[in-house]
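>>> Provided below are the primary sequence and the corresponding predicted coordinates.
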Amino acid sequence: MQVRIDMGRTAPGPGAAGGEAALDLEELLATRLLVQGNSGSGKSHLLRRLLEQSAPYVQQCIIDPEGDFITLAEKFGHTVVDAERSEAELTRIAGRVRQHRVSVVLNLEGLDAEQQMRAAAAFLGGMFDAERDFWYPVLVVVDEAQLFAPAVAGEVSDEARKASLGAMTNLMCRGRKRGLAGVIATQRLAKLAKNVAAEASNFLMGRTFLDIDMARAADLLGMDRRQAEMFRDLQRGHFVALGPALSRRPLPVVIGTVETGARSTSPKLLPLPDAPAISTEDLFRPEPEDERVVRRAVPRPMPEATADLLARLVKPTPAPATALRPTEPELGEAERNALYDAVLSELLDDPDAAFRTVPVLYQDFLVRCRIRRVRGESLGLPAFRRRLAVVRAGVDHEATETEIWSRALALAEGLAEDVQGVFLLLAQASIAGAPCPPDAALARIYGTHSTSRARRLLSYYEERGLIVIRIDQKAGRSIIFPDLGTETAAGDPAAPDDVVRKSAAE
């Protein structure tokens, strides 16, 4: 499913007005993004625009060293996690975040550089090490990435630097298979570790002045070294975009407005206050005892207890008030099931859907349901797995209400979730008296390109006494279901997959 994020507009060229600057969110999740620009170039504004525009479609995690992004919580429901905790607590919270698909802001404000690196490493490590069933797509945004993936050793300990650099490397190099899409922003490309920056396929380069940074930016964009001078002339909020999710050629873009604001602001000139002239002697004279004011530092509030935070993460985040539509009637069960089947069928029309993990398909399913305005509580992951297996078998929801299909579903319940789809496909063919599906079709339903793995599944079913395999004299294969009293017609195991063949023809 393609979701295009409005990042602003393209800069107008000679004789042409600027158009919409769109970012392909699904492509971004697969290819990652690097943002570069000196302080004041508009990096944080760009990240905020990306986060606000993509918030309805994907889970987000922001590593925030300055606490600027906690304002997203009130508008978009992000949970703010204060990093003043032990590393074990942060790792446990990160695992719970992935499990319950909660968008979070890890607030590192108030920690020194080494503490920030340790906290970020623990949190990113917890997200990276989540169980496979929770590998939902997550947009992981790291601001000031050069702090967490430095190119050279600094004043922090080697242990903290290696832990932080390892976590950032895992995010950018190995995170895609776990659903983690890294978006890193840095002021200095020269200070960012090259093995971290090199994994990004999309780039947004802003204003920069140092020759070494301009040269690296030009190299990443495939530009001539002489063209690197253009980065000095970029205005605030202007970037040059390149990458499969943005543009196939370097494209100047102007970032659009945002709905939330940062707590910190750029300094503005203000007139000096009117004050009576004071001599140098008076300026350095000790303050009289009776005029001294006792100044006490405002204590930093204690972070929320970890147990309370974990309990809050379990609760579903309430939708923003603007998203509620009380005038729309609730769907009946039959209408809801029909919509679920339609969304699943649309989802599986993509030939590549068979080879995506179930959590990735589940996230796509939830997005499509929101687009169709399917109100009420959505399917959980276990229920989605079962319904996905039924739809992959080519059975509609009404057919599953019959007695024979109830027995087939009961038999499938005793199998692991990842092998139920193939079993139901065979059961459907036997109930309809259709030819036995070929190995290629079984492999597609199983989510693999290996037909030998699909054949091993048949042996697995037979060993459990669920089916009996019969081979006729012409090498045709038929499957018998003793518990259902049904049998498929003979089919050629080596025949091509009809679904793949039709897709190729189209």
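Happy to help now that I have it.
>>> The helix or strand harbouring residue 139 pairs with which strands, parallel or anti?
Per DSSP states H and E, residue 139 falls inside strand 138-142. Here strand 138-142 is paired, per DSSP bridges, with strand 59-64 (parallel), strand 180-186 (parallel).
>>> Report the backbone C-alpha coordinates of whatever helix or strand residue 5 lives in in PDB.
Taking DSSP H and E as the definition, one finds residue 5 inside strand 4-10. What follows is strand 4-10, C-alpha atoms only, in PDB (Å, rounded to 0.1, in the frame of the first residue of the first chain):
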ATOM      1  CA  ARG A   4       2.500   9.600   0.300                       C
ATOM      2  CA  ILE A   5       3.500  12.100   2.900                       C
ATOM      3  CA  ASP A   6       3.300  15.900   2.100                       C
ATOM      4  CA  MET A   7       6.600  17.400   3.100                       C
ATOM      5  CA  GLY A   8       6.000  20.800   1.500                       C
ATOM      6  CA  ARG A   9       6.700  21.900  -2.000                       C
ATOM      7  CA  THR A  10       9.500  21.700  -4.500                       C
END
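>>> Return the list of helices and strands in contact with it.
When contacts are defined as 3 or more CB pairs under 8 Å, 6 or more residues apart in numbering; DSSP states H and E, strand 4-10 sits against strand 20-24, helix 25-31, helix 43-54, strand 247-255. The C-beta positions use only the backbone N, C-alpha and C, and glycine is treated the same way.
>>> One more pass at 6 Å, please.
On a contact count with 3 or more CB pairs under 6 Å, 6 or more residues apart in numbering; DSSP states H and E, strand 4-10 meets strand 20-24, helix 43-54, strand 247-255.
>>> quick one: contacts of the helix or strand harbouring residue 423?
In the assignment (DSSP H and E), residue 423 maps to helix 420-432. Residues outside helix 420-432 that contact it (CB atoms under 6 Å, 6 or more residues apart in numbering): 389, 392-395, 408, 412, 415, 437, 442, 445-446, 457, 479, 481, 486-488.
>>> at 8 Å what do you get?
Residues outside helix 420-432 that contact it (CB atoms under 8 Å, 6 or more residues apart in numbering): 385-386, 388-390, 392-395, 404-405, 408-409, 411-412, 415, 434-437, 441-442, 445-446, 454, 457, 461, 466-467, 479-481, 484, 486-489.
>>> List the buried residues for it?
420-431 (16 or more other CB atoms under 10 Å).
>>> For residue 56, state which of those residues is nearest.
Checking those against residue 56 with CB to CB, the nearest one is residue 421 at 29.8 Å.
>>> which residues sit in contact with residue 254?
Contact analysis of residue 254 by CB under 8 Å, 6+ apart lists 8-11, 18, 21, 237-238.
>>> This protein - how does it break down into domains?
Domain ranges of the chain: 4-263+303-314, 333-505, per automatic domain parsing.
>>> Tell me which of those sits most buried.
domain 4-263+303-314 (a mean of 19; mean count of other CB atoms under 10 Å).
>>> gap between that one and the chain center?
The chain centre lies 12 Å from the centre of domain 4-263+303-314; the measure is CA atoms, centre = their mean, to the nearest Å.
>>> pLDDT weak spots in the stretch 351-500 of the chain?
Per-residue confidence for the stretch 351-500 of the chain (pLDDT under 70) gives these ranges: 351-359, 372-379, 393-401, 498-500.
>>> Which residue ranges of it form helices?
Assigned by DSSP state H, counting those that start in this stretch, the helices in the stretch 351-500 of the chain fall at 358-371, 381-392, 403-413, 420-432, 439-446, 451-463, 498-505.
>>> can you put the domains of the chain in CSV and add distance to residue 271?
Output for the domains of the chain, formatted as CSV (distance: least, CB to CB, whole Å):
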stretch, distance to residue 271
domain 4-263+303-314, 23
domain 333-505, 51
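>>> quick one: the helices in the stretch 101-250 of the chain?
113-128, 158-169, 194-197, 211-220.
>>> So which other helices or strands are in contact with the third one?
Looking back up the chat, that one is helix 194-197. helix 158-169, strand 180-186.
>>> would CSV of those with mean pLDDT and distance to residue 308 be doable?
Shown next, in CSV, are these (pLDDT from 0 to 100; distance: least, CB to CB, whole Å):
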stretch, mean pLDDT, distance to residue 308
helix 158-169, 92, 26
strand 180-186, 92, 27
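>>> Which one, of those, ends up nearest to residue 73?
Of the helices and strands packed on helix 194-197, nearest to residue 73 by CB to CB is strand 180-186, at 18.8 Å.
>>> Now do that closest one against helix 113-128, angle only.
With axes from the mean of the first three to the mean of the last three CA atoms, to 10 degrees as the basis, strand 180-186 and helix 113-128 are set at 160 degrees to each other.
>>> Use 16 as the first number from now on
Got it, first residue is 16 now, which makes that one strand 195-201.
>>> what's the angle between strand 195-201 and helix 173-184?
Using the same axes, to 10 degrees: strand 195-201 against helix 173-184 is 120 degrees.
>>> Looking at the strands paired with strand 153-157, which is nearest to residue 357?
Nearest of those (CB to CB): strand 74-79, 24.7 Å.
>>> what sits up against the closest one?
62, 66, 69, 84-85, 87, 93, 112, 116-124, 135, 138-139, 142, 151-158, 163, 378.
>>> Give me the distance between the two termini of stretch 118-137.
From its first residue to its last, stretch 118-137 covers 17 Å (CA to CA, to the nearest Å).
>>> quick one on the thing from earlier: output the helices of the stretch 366-515 of the chain in TSV; the columns should cover distance to residue 99.
Converted to TSV, the helices of the stretch 366-515 of the chain look like this (distance: least, CB to CB, whole Å):
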stretch	distance to residue 99
helix 373-386	31
helix 396-407	33
helix 418-428	46
helix 435-447	45
helix 454-461	47
helix 466-478	48
helix 513-520	53
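>>> related to what we said a few turns ago, can you dump the C-alpha atoms of the helix holding residue 438 in CSV for me?
What follows is helix 435-447, C-alpha atoms only, in CSV (Å, rounded to 0.1, in the frame of the first residue of the first chain):
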residue,chain,number,x,y,z
GLN,A,435,-2.6,-23.3,9.1
GLY,A,436,-2.9,-21.5,5.8
VAL,A,437,-1.6,-24.4,3.7
PHE,A,438,-3.8,-26.8,5.6
LEU,A,439,-6.9,-24.7,5.0
LEU,A,440,-6.0,-24.4,1.3
LEU,A,441,-5.9,-28.1,0.9
ALA,A,442,-9.1,-28.5,2.9
GLN,A,443,-10.9,-26.0,0.6
ALA,A,444,-9.8,-28.0,-2.4
SER,A,445,-11.0,-31.2,-0.9
ILE,A,446,-14.4,-29.8,0.1
ALA,A,447,-14.9,-28.3,-3.4
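>>> Please state the offset of it from the chain centre?
In terms of CA atoms, centre = their mean, the centre of helix 435-447 is set 34 Å apart from its chain centre.
>>> closest one to residue 101 among the helices and strands packed on strand 19-25?
The closest of the helices and strands packed on strand 19-25 to residue 101 is helix 58-69. By CB to CB, the value is 27.7 Å.
>>> list the helices and strands that closest one packs on?
Other elements packing on helix 58-69 under the criterion 3+ CB pairs under 8 Å, 6+ apart are strand 19-25, strand 48-51, strand 74-79, helix 87-91, strand 153-157, strand 195-201, strand 262-270.
>>> Need the residues that contact that helix.
Contacts of helix 58-69 (CB under 8 Å, 6+ apart): 18, 20-23, 38, 40, 50-52, 75, 77, 83-84, 87, 90-91, 154, 156, 158, 198, 200, 202, 219, 221, 252, 254, 270-275, 277.
>>> related to what we said a few turns ago, for the helices and strands packed on helix 58-69, which one sits closest to residue 327?
Nearest to residue 327 among the helices and strands packed on helix 58-69 is helix 87-91 (11.9 Å), distances taken as CB to CB.
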